[in-house]
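Q: Sequence first, then the predicted structure:
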Amino acid sequence: MSSRLTRAAIPLLTLTALFLSGLLILPAGARGEEKRVPAGSRQTDDIFSFRDDVEVSGVVFGSVQVLAASARISGRVAGDLVVFGGDVELGPDARIDGDVVCVGGTIRGLGDATIGGDVFAPGRAAGGFRIAGSRTARALEAKPFSLIDVALKLSLLLIWLCAAIIVTLVSGREVRASSVELRASPFHTFVLGLVAFTSFVLTAIVFTYLIPYLIGIPLIIALLIFALMAKIYGMIALFHAVGTLVARPRSRDELGRRRWLRGDMALVVVGLLIMGLLRMIPVVGNIIWIGASLFGIGVAVGTKFGRREPWFLAWQPAA
Amino acid sequence: MTNDRCAAYQADPAANPAHALECAECARLALALERVDRQFAAVAVDPAPSLAIPPASLPLAPWEGAAYRSWSVAIACGAAILLLASSLFVVLGVSPIGGIIEAISSQADTAFRLLQLAEGMGGLIHRAPLGVHLLVASAFIAVNLLFVFLLRRAPKGIDVDV
């Protein structure tokens, strides 16, 4: 009884710990002074800012990098504009010669500003993608449910379909095992995915300390490849689980009667279509997709990509 | 006292019926066994219930019919998505092939951007105050300990009822 209670308490304690960590890490409370480059002035160095908003009305002959704060640009930045955990506000006369990167915030005023490089804002539209011209940028900014958004999402769905078919053909048994685990322990899988994702991010940050010693970049690449593999495999297992919940045959008679809608491949395709349709919903669709990714990463890592082998020698059997 | 003939009789009484007439020990044994047979025959015992479960009553296992490759479903869905995406690109005045290639290349671009982000983050982290370094180190240790702890739990069985 007490061990069951402990097992139930672990995911709840994990979520609480992650929430509290988030409160510590995320920007909150009083901030320091705003860093300003007034109109008519020039700055030759890069600007780095932690939790202090940055306003550029003059010219910066370098990059502007901001962590846990926002940037307002109405002048010129000769390098890149990178903002983590904050918003970017671009004035009509703003000019960024390099790239604009905004992670964990929103970009406003993109349509009127002059951007020399690319705009990268993960979670916006179909993930991070290159905005080819200001026309597309305006369309994205004005309407969250634009046709270009739907078309890009459909194209990505087609890529997901190809990947899902290949993975199901190559390792159908593993996908099925992961799908069973996902349906048997959804809460544990989600918490594991959340912790795994946080671990990937923190590990990547730690690896960035090693960039000056050359080993940092290969380590980050290896981590990125592992994380991508976990996400792709896990999402396909999730498609299988969703397809199974919706369209699996309930009896042998039903299985025998079905001509097409049976087998792992059909279930994966059905699940993919359902998740793809959900992703089309503005705003909510992206949240659902992120949640699904966490489930996917959790099940991929938890079942060791469906092989169901122990990660460690001391392995606790499930009750 | 038993001998080889006794042993042969006890092994197969029907093959050596004459031995029971010349050996009192074996004759007594044969009578006792006959009595036991009669006693068992007198008691009405129900036949043992069959433990075999009819296969039709078992729930459908996840692997049953799983190997079937439903190409028609996959191709039909792929064609429908392709048609829809291409139509939307045509309506928007973008070449369908160009649009799809752009969507694909954006994914590779995303991975490249993530690397750039990590590099940019590295630049920011190096200029961070000591408190940020301590926070990163403690969060890294705590989260990875938790990760290892959660990974120690074994997955449930493939035959779990879901």
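A: In hand now; what should we look at?

Q: B:Asn16: what secondary structure?
A: Following DSSP: H, G, I helix; E, B strand; the rest coil, B:Asn16 is assigned to coil.

Q: And for it, the neighbour number?
A: Counted with other Cβ atoms under 10 Å in any protein chain shown, the neighbours of B:Asn16 add up to 16. All C-beta atoms are positioned from the backbone trio N, CA, C, and that covers glycine.

Q: do B:Gly93 as well
A: Neighbourhood size, B:Gly93 [other Cβ under 10 Å]: 7.

Q: how near is the spatially most distant residue from the centre of chain B to B:Arg5?
A: Taking Cα atoms, centre = their mean, the residue of chain B most remote from its mean C-alpha position is B:Glu22, at 64.6 Å. In this view, B:Glu22 and B:Arg5 are 9 Å apart by Cβ to Cβ, to the nearest Å.

Q: How about A:Leu238?
A: For A:Leu238, the distance to B:Arg5 equals 77 Å [Cβ to Cβ].

Q: of those two, who's got more company?
A: It is A:Leu238, of A:Leu238 and B:Arg5, that has more neighbours when counted by other Cβ under 10 Å, with 29 against 14.

Q: Could I get the phi/psi values of that one?
A: Phi and psi for A:Leu238, reported as degrees, to the nearest 10, are phi -70, psi -40.

Q: What's opposite the nearest residue to B:Pro129 once chain neighbours are set aside in the beta bridge?
A: Among residues not flanking B:Pro129 along the chain, A:Phe50 sits closest, at 7.0 Å (Cβ to Cβ, 6 or more residues apart in numbering or on different chains). For A:Phe50, the beta-bridge partners under DSSP bridges are A:Leu67.

Q: Tell me the spacing between A:Phe50 and A:Ile297.
A: Separation of A:Phe50 from A:Ile297 (Cβ to Cβ): 29 Å.

Q: who has more neighbours, the two?
A: A:Ile297 (28 against 19).

Q: which residues sit against the helix or strand harbouring that one?
A: Assigned by DSSP states H and E, A:Ile297 belongs to helix A:284-302. Around helix A:284-302, the neighbours that count as contacts under Cβ atoms under 8 Å, 6 or more residues apart in numbering or on different chains are A:123, A:178-179, A:181-182, A:185-186, A:188-194, A:196-197, A:227, A:229-231, A:233-238, A:275, A:278-279, A:281, A:306, B:150-151, B:153, B:155.

Q: By neighbour count, sort out the buried ones in those residues.
A: Neighbour-count burial (16 or more other Cβ atoms under 10 Å in any protein chain shown) applied to the contacts of helix A:284-302 gives A:178-179, A:181-182, A:185, A:188-194, A:196-197, A:227, A:230-231, A:233-238, A:275, A:279, A:306, B:150-151, B:153, B:155.

Q: Go through those and flag which are in strands.
A: Per DSSP state E, strands hold no members of those.

Q: just checking, next helix/strand downstream of the lowest-mean-pLDDT helix or strand in chain A?
A: Among the helices and strands of chain A, helix A:134-142 carries the lowest confidence by mean pLDDT, DSSP states H and E, at a mean of 42. Sequence order places helix A:147-170 as the next helix or strand after helix A:134-142, per DSSP H and E.

Q: Appreciated, that's everything.
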